[in-house]
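Enquirer: Here is my input, please return the structure:
(one chain, ligands or ions: 1)
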Amino acid sequence: MSKTKYVFITGGVLSGLGKGIITASTGLLIKSMGYSVTAIKIDPYVNVDAGTMNPFMHGEVFVTEDGGETDLDLGHYERFLGINLSKENNITTGQVYLSVITKERRGEYLGKCVQIIPHVTDEIKNRIRGIARKSGADVVLVEIGGTVGDIESLPFLEAIRQMRIEEGRENTISIHVALAPILSVTGEQKTKPVQHSIQELRRIGIMPDIVVVRSQRDLEPEARQKIALYSNLPIDAVFGDPDVETIYEVPLLLHSKGYTRYIARLLGLEYREPDISRWEDFVNRIKNARRKIRIAMIGKYTKLHDSYISIIEALRHAGAWNNIGIELKWYESTDIEKGKIDTERIIEETDAAVILPGFGKRGAEGKISAIKALRENNKPVLGICFGMQLMVIEIFRHVIGWEKANSTELDPSTPYPVVDLLPSQYNVKHLGGSMRLGAHPIRIVKGTIAYEMYKKEIVYERHRHRYEVNPKFLDKLESAGIRVSGWSVEGYPEFIEMDNYKTLFFGSQPHPEFRSRPLNPSPIYNYFIKTIKEVNT
Ligand code: GLN
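Expert: Just a heads-up that it's a prediction; the model follows:
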């Protein structure tokens with residue numbers, strides 16, 4: 001195909017409408033027609049990346065193969081599109097300004113007055129086109145975070161307005177996603193907020209070609225008509241997108257409404273019936289699972305489930321693969337610590353537990369008490385990153401008897417630093433982007449559970465940490481029945497597992513959830529779910 005096609009996705013009315021899912025779904029449908037696709041997320045905040053933000057701000061920090069700490073929407077893109085993206089696929093205001101200002105200091109704009117238009121907008125367009133070129137994709141999706149009308153997103157919208165002219169109208173489309181709320185008193189579907197956000201977009205100079213309207217129930221014909229009229233669009237360009245049982249249904253729903261064909265026509269792409277049968281099968285497995293297993297999710301950001309979105313999705317992928325429903329039960333580790341949640345209750349209410357990743361002291365002791373109770377009751381336990389580190393601390397404290405065993409992250413003066421800073425971190429001064437990040441090779445020990453999971457000797461998983469199980473104390477750990485079943489090249493434990501445990505007691509230093517895909521679940525999550533299913537039959 002000669003010229004790259006661009007699909008720009010903007011949002012209106014409010015954030016959190018699932019624009020990322022719509023972008024990912026659009027990509028999946030285009031890809032399923034046989035075209036290559038990549039996706040970019042633009043985040044208008046001034047942080048250079050999401051790595052320095054608390055998960056309560058923006059949910060999970062998604063880690064890419066190349067070690068980018070990115071917005072969680074990249075996770076949706078990777079899962080729906082089945083491809084790996086680079087950290088460059090997440091553009092932020094911070095990155096754009098950092099590079100413009102660095103260039104200015106180097107004298108690259110010598111003699112000029114550096115301005116938002118054209119210098120900042122040029123930088124934005126160069127980045128988008130750079131990714132298009134590098135990926136070689138037929139179609140590039142660009143989602144602009146936030147809501148139209150925000151001050152922060154203006155330079156990005158302006159860049160898109162310019163790109164639409166420069167690339168040609170036939171090579172670009174604009175999809176606007178907005179909300180039609182339903183008034184609880186009258187049950188009426190209201191379109192005014194959608195109309196207003198389209199007006200706002202037009203004021204900036206962007207005419208949407210398609211409007212996707214989120215609502216609790218499907219768009220009523222009159223509402224659809226009204227939106228079309230006010231948007232200056234044919235009615236076929238307005239698509240209702242009601243709430244569905246699982247996010248994976250969204251592409252199927254949009255496709256059933258003629259969305260794929262409509263987009264192909266606008267972009268001048270030859271329409272080919274998309275091959276989505278495996279996806280449909282996956283969605284049916286999720287929806288039709290008769291039996292459910294209950295999984296305790298133990299962490300300190302449980303009030304915002306998006307903080308753990310990739311883990312939730314990895315569990316669902318593995319659930320679908322094993323034809324079993326997944327019911328998640330959330331336990332705030334700070335509440336366990338304070339005695340507000342009894343660990344007995346977790347044992348009674350759930351079949352297994354994931355000890356969630358995290359940083360810092362708050363809630364850590366709560367997780368350790370939960371691990372103890374789970375272990376003593378032979379429940380399947382999967383610890384991810386910080387979760388694995390706390391499993392090791394728990395064993396040292398309660399099986400080996402070193403009561404003061406700890407991580408130096410939590411107690412810098414512990415006499416038993418069983419989890420300690422990675423040597424590569426000793427001289428780290430800046431906290432942004434400086435953890436051990438991204439995919440690294442792991443050597444799997446044959447004859448272990450880890451080997452049973454992967455059936456391979458070298459595997460790659462993505463990392464995001466500064467601390468590691470201290471290799472100094474591994475002999476001791478082994479005497480307690482815990483062995484290392486995966487090693488990093490530098491000789492650090494990547495996977496640990498307990499021998500002679502009735503179910504599964506497994507810790508993973510990397511985050512295998514980042515590589516889990518609907519049609520290709522993570523081997524670790526898959527084995528975890530399979531074990532729970534077997535234990536409960
Ligand atoms: N805080 C731990 C570390 O830095 C674990 C990090 C994590 O769970 N992602 O090593």
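
Enquirer: what residues does the stretch 251-400 of the chain put near the ligand?
Expert: Residues of the stretch 251-400 of the chain found near the ligand (C-beta under 6 Å from any ligand atom) are 357-359, 385-386. The C-beta positions use only the backbone N, C-alpha and C, and glycine is treated the same way.

Enquirer: now these in CSV, with pLDDT and neighbour count?
Expert: Shown next, in CSV, are these (pLDDT from 0 to 100; neighbours: other C-beta atoms under 10 Å):
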residue, pLDDT, neighbour count
Pro357, 96, 25
Gly358, 95, 24
Phe359, 94, 17
Cys385, 97, 21
Phe386, 97, 26
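
Enquirer: Those: which two are farthest apart?
Expert: Taking C-beta to C-beta as the measure, those span a maximum distance of 9.4 Å, between Phe359 and Cys385.

Enquirer: who's in contact with the lowest-mean-pLDDT helix or strand in the chain?
Expert: Lowest by mean pLDDT, DSSP states H and E among the helices and strands of the chain is helix 55-58, with a mean of 81. Defining contact as C-beta atoms under 8 Å, 6 or more residues apart in numbering, one finds that helix 55-58 is touched by 50, 61, 71-72, 301, 303-304, 306-307.

Enquirer: rerun at 6 Å
Expert: By C-beta atoms under 6 Å, 6 or more residues apart in numbering, the surrounding residues in contact with helix 55-58 are 50, 301, 304, 307.

Enquirer: what do you get for stretch 307-317?
Expert: Everything outside stretch 307-317 that qualifies as a contact, by C-beta under 6 Å, 6+ apart, is 55, 59-60, 72, 75, 301, 326, 356, 513-514, 516, 518, 521-522, 525.

Enquirer: List the ones among those residues that fall in helices.
Expert: 55, 75, 525 (DSSP state H).

Enquirer: Name the nearest of these relative to the ligand.
Expert: Taking C-beta to the nearest ligand atom as the measure, the ligand lies nearest Pro55 of the ones in helices among the contacts of stretch 307-317, at 10.5 Å.

Enquirer: Break down the stretch 301-450 of the chain into its strands, ranges please.
Expert: Here the stretch 301-450 of the chain has its strands, by DSSP state E, counting those that start in this stretch, at 325-332, 352-355, 381-384, 405-407, 416-421, 436-444.

Enquirer: where does the residue of the chain most remote from its centre land in three-state SS?
Expert: The C-alpha centroid of the chain is most remote from Gly111, which lies 43.2 Å away (C-alpha atoms, centre = their mean). What DSSP: H, G, I helix; E, B strand; the rest coil gives for Gly111 is coil.

Enquirer: related to what we said a few turns ago, top of the contacts of stretch 307-317 by neighbour count?
Expert: Of all the contacts of stretch 307-317, the most densely surrounded is Glu513 (30 neighbours; neighbours counted as other C-beta atoms under 10 Å).

Enquirer: and that residue, how far is that from Ile524?
Expert: Taking C-beta to C-beta, to the nearest Å as the criterion, Glu513 is separated from Ile524 by 9 Å.

Enquirer: Next, count neighbours for the residue nearest to Ser197 when sequence neighbours are not counted.
Expert: Spatially, and ignoring its direct neighbours in sequence, Ser197 is nearest to Gly12 (2.5 Å; C-beta to C-beta, 6 or more residues apart in numbering). The number of residues packed near Gly12 is 27, by other C-beta under 10 Å.

Enquirer: Torsion angles phi and psi at the closest residue to Leu154 other than its chain neighbours?
Expert: Nearest residue to Leu154, sequence neighbours excluded (C-beta to C-beta, 6+ apart): Ile204, at 7.4 Å. With angles defined as degrees, to the nearest 10, Ile204 sits at phi -80, psi -10.

Enquirer: do you know how far Ile204 is from the ligand?
Expert: 39 Å (C-beta to the nearest ligand atom, to the nearest Å).

Enquirer: and which of the contacts of stretch 307-317 is nearest the ligand?
Expert: Ranked by distance to the ligand (C-beta to the nearest ligand atom), those are led by Leu356 at 8.0 Å.

Enquirer: what's the spacing between the closest one and Val381?
Expert: Using C-beta to C-beta, Leu356 is found at 12 Å from Val381.

Enquirer: Point out the residues in the protein that sit beside the ligand.
Expert: 357-359, 385-386, 409, 464-467.

Enquirer: Need the max-distance pair from these.
Expert: Farthest-apart pair in the residues of the chain next to the ligand is Glu409 and Arg464; separation 13.7 Å (C-beta to C-beta).

Enquirer: which stretches of this structure have low pLDDT?
Expert: 1-2 (pLDDT under 70).

Enquirer: in the stretch 201-350 of the chain, what residue is nearest the ligand?
Expert: Gly299 (9.6 Å).
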